[in-house]
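>>> Structure for this input, please:
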Amino acid sequence: MITYQKKTLKNSLTVIANRDRASRMAAVNILYRVGARNERAERTGLAHLFEHLMFRGTHNVPDFDTPVQMACGENNAFTNNDYTDFYITLPVDNIETALWLESDRMTGLNLSAEAVEIEKRVVIEEFRQRYLNQPYGDQNMILRDMVYTSHPYRWATIGISPDHIEHASLEEIQDFYHRFYHPSNAILSVSADIEPERVFELAEKWFGDIEDTPYPIPAITPEPEQREARRKTVERDVPATTITIAFQMGDRLSRDFFLGDITSDLLAGGDSARLYERLIKKKQLFANVNAYISGDVDRGMFVFTGQLHPTTSEAEAEAAFWEEIDDLKSCNITSYELEKVKNKFEANTLFGELNVMNKAMNLGYYEMIGDLPLINREVDIYRSLSAEDVADFSRRTFRPENSSTLIYRAKQ
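I've put the predicted structure just below:
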């Protein structure tokens, strides 16, 4: 169990503190409620661009990494469709270095024309290398655009096109910063051997004087329920054909999220899981195969995907996936394999609680999704799930009219 205390500063910054008496390291995590979901379809990729820009330095600290390294720390960040996360680990005695740096770049980021142009070029090059010029690079982008018709999840975090970043004006970028990077849109979470009250004092010292500049964030219209099957075939210069079948599923706080997660582990949670044992080892239809959930805050995706052997037809591969789905619907699930998946989840949770960075990051995440106490309830939720629950989830979710099938065909 992760113990924590929470406080909201007068400027509406949320602060969460976990005391870890066993660690001499401190983890400082700051999460901003901004991701690709907060972009316009005409100008995507800005949230990811800001992940880069936040390391360009500020007017007070031109080089962000040097003070972190001098404090014997490490730092990094990531962006997804729902939020952007920045984290620093360093010796507990140096925690104020992290708080100073994070408070400084919350308000004083260097958004000069030169700094912005440098990072725009970096992001555009990343887009080209990882998505446009990489084998299978655009596969997930195509899939998202099939599964979602109106929700901003229909584009990847990197954006729809590098042109969106290239043509973004300095004014647009500065407006994005002021709109989303301010106290009431942030969650500061700390895990260290420090009393929570002291964490709150330090948060007040470094963040308390920052003026909040809240902007109204438009509500996002939920994705309509899918009512007919969707199919698409593309040809690319790749080594082998892949088949992907995606289904819409429940949001992060729904019971279906946990059912989807445990189902994906039953199917693809290691070399002893169903898809590997049956479709690779026994039937030898695929070179590799996977099943996973997207884990989005809003309505997400459950995805089956596999790379075909040269001797496997597309029809055979697709039929094999549906056979596995039918088996789940029939509740052919043993107590042994279900218990194995539950034990694995519980073990991973317990091991994760030994790491201060995992705890700080998770505290920010669960606060962001709107149910901080869930951080300590999830093991019990997974333990409560039965084979019939999984079968019921499969029958409700894995319906042909709820499917999006992408054939990503290797050119002959």
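
>>> which residues touch stretch 21-31?
Residues outside stretch 21-31 that contact it (CB atoms under 8 Å, 6 or more residues apart in numbering) are 83-92, 94-95, 98-99, 102, 106, 186-194, 354, 356-357, 359-361, 363-365, 367-368. Heads up, the C-betas are built off the backbone N, CA and C, glycines and all.

>>> Could you do stretch 401-412 as well?
Stretch 401-412 is contacted by residues 136, 139, 142-143, 146-147, 225-248, 314, 318 when judged by CB under 8 Å, 6+ apart.

>>> Just the buried residues out of the residues you listed, in ChimeraX syntax.
Typed into ChimeraX, the line below selects the buried ones among these, using 16 or more other CB atoms under 10 Å:
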select :139,142,143,146,147,226,236,238,240,241,242,243,244,245,246,247,248,318
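
>>> Just the contacts of stretch 21-31: which are in strands?
84-91, 186-192 (DSSP state E).

>>> So how do I select the buried members of those residues in ChimeraX?
Applying 16+ other CB under 10 Å to these, the buried members can be selected in ChimeraX as follows:
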select :84,85,86,87,88,89,90,186,187,188,189,190,191,192
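
>>> Which two of the ones in strands among the contacts of stretch 21-31 have the greatest separation?
Among these, the pair separated by the greatest distance (CB to CB) is Thr84 and Pro91, at 25.6 Å.

>>> what's the distance between the spatially most central residue of the chain and Arg37?
In the chain, the residue lying closest to the centroid (CA atoms, centre = their mean) is Asn80, at 4.9 Å. Asn80 sits 9 Å away from Arg37, going by CB to CB, to the nearest Å.

>>> Mind jotting down where the strands sit in this protein?
Listed in chain order, the strands of the chain (DSSP E) span residues 5-8, 14-19, 25-32, 74-79, 84-91, 186-192, 230-236, 242-249, 286-293, 300-308, 403-410.

>>> Serialize those strands to CSV and add fields for distance to Pro67.
Formatted as CSV, these follow (distance: least, CB to CB, whole Å):
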stretch, distance to Pro67
strand 5-8, 26
strand 14-19, 22
strand 25-32, 13
strand 74-79, 10
strand 84-91, 10
strand 186-192, 18
strand 230-236, 44
strand 242-249, 43
strand 286-293, 38
strand 300-308, 38
strand 403-410, 45
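
>>> Can you add mean pLDDT and distance to Arg56 and give those strands back as TSV?
What follows is these, written out as TSV (pLDDT from 0 to 100; distance: least, CB to CB, whole Å):
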stretch	mean pLDDT	distance to Arg56
strand 5-8	98	29
strand 14-19	98	26
strand 25-32	98	16
strand 74-79	97	12
strand 84-91	98	13
strand 186-192	98	19
strand 230-236	97	35
strand 242-249	98	36
strand 286-293	97	33
strand 300-308	98	33
strand 403-410	97	36
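
>>> which stretch among those comes nearest Arg43?
Of all these, strand 74-79 sits nearest to Arg43, with 15.5 Å by CB to CB.

>>> Neighbouring strands of that closest one in the sheet, and parallel or not?
strand 84-91 (antiparallel) (DSSP bridges).

>>> Excluding sequence neighbours, find me the nearest residue to Leu9.
Sequence neighbours aside, Gly208 is the residue nearest to Leu9 in space, at 5.6 Å (criterion: CB to CB, 6 or more residues apart in numbering).

>>> and that neighbour, how many residues sit next to it?
Other residues lying near Gly208 total 16 when counted by other CB atoms under 10 Å.

>>> Return the distance of it relative to Ala192.
Distance from Gly208 to Ala192, counting by CB to CB: 19 Å.

>>> quick one on the thing from earlier: who are the neighbours in contact with the residue nearest to the centre of the chain?
Asn80 touches 35-36, 157, counting by CB under 8 Å, 6+ apart.

>>> measure it to Leu143 for me?
Asn80 sits 16 Å away from Leu143, going by CB to CB.

>>> swap in Leu406?
5 Å.

>>> joint contacts of these two?
By CB under 8 Å, 6+ apart, the residues touching both Leu406 and Leu143 are 244, 246.

>>> For stretch 287-301, buried residues please.
By neighbour count with 16+ other CB under 10 Å, stretch 287-301 contains the buried residues 289-294, 296-301.

>>> and which of the residues you listed is nearest to Ile2?
For the buried residues of stretch 287-301, the nearest to Ile2 is Val297 (20.4 Å; CB to CB).

>>> rewinding a little: turn the contacts of Asn80 into TSV, columns for distance to Glu119, neighbour count and pLDDT.
Formatted as TSV, those follow (distance: CB to CB, whole Å; neighbours: other CB atoms under 10 Å; pLDDT from 0 to 100):
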residue	distance to Glu119	neighbour count	pLDDT
Gly35	18	23	97
Ala36	17	26	97
Thr157	15	19	96
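
>>> May I see these organised as a markdown table, with distance to Leu266 added?
Below are these laid out as a markdown table (distance: CB to CB, whole Å):
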| residue | distance to Leu266 |
| --- | --- |
| Gly35 | 29 |
| Ala36 | 30 |
| Thr157 | 28 |
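
>>> Low-confidence ranges, the chain, go.
Along the chain, no part satisfies pLDDT under 70.

>>> care to break this protein down by domain?
Using automatic domain parsing, the domain parsing of the chain gives 5-207, 230-410.

>>> Now tabulate these in CSV and tack on distance to Pro218.
CSV is the format used below for the domains of the chain (distance: least, CB to CB, whole Å):
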stretch, distance to Pro218
domain 5-207, 9
domain 230-410, 14
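
>>> out of the ones you listed, which comes closest to Thr221?
With CB to CB as the criterion, Thr221 lies closest to domain 5-207 of the domains of the chain, at 6.2 Å.

>>> need the contact list for the nearest residue to Arg383 once chain neighbours are set aside.
Distances taken as CB to CB, 6+ apart place Lys342 nearest to Arg383, at 5.9 Å, with adjacent residues excluded. Lys342 makes contact with 262, 382-383, 385 under the criterion CB under 8 Å, 6+ apart.

>>> Just the buried subset of those residues, please.
Buried members of the contacts of Lys342, scored by 16+ other CB under 10 Å, are 262, 382, 385.

>>> hey, which helix is longest across the chain?
As assigned by DSSP state H, the longest helix anywhere in the chain is helix 335-352.
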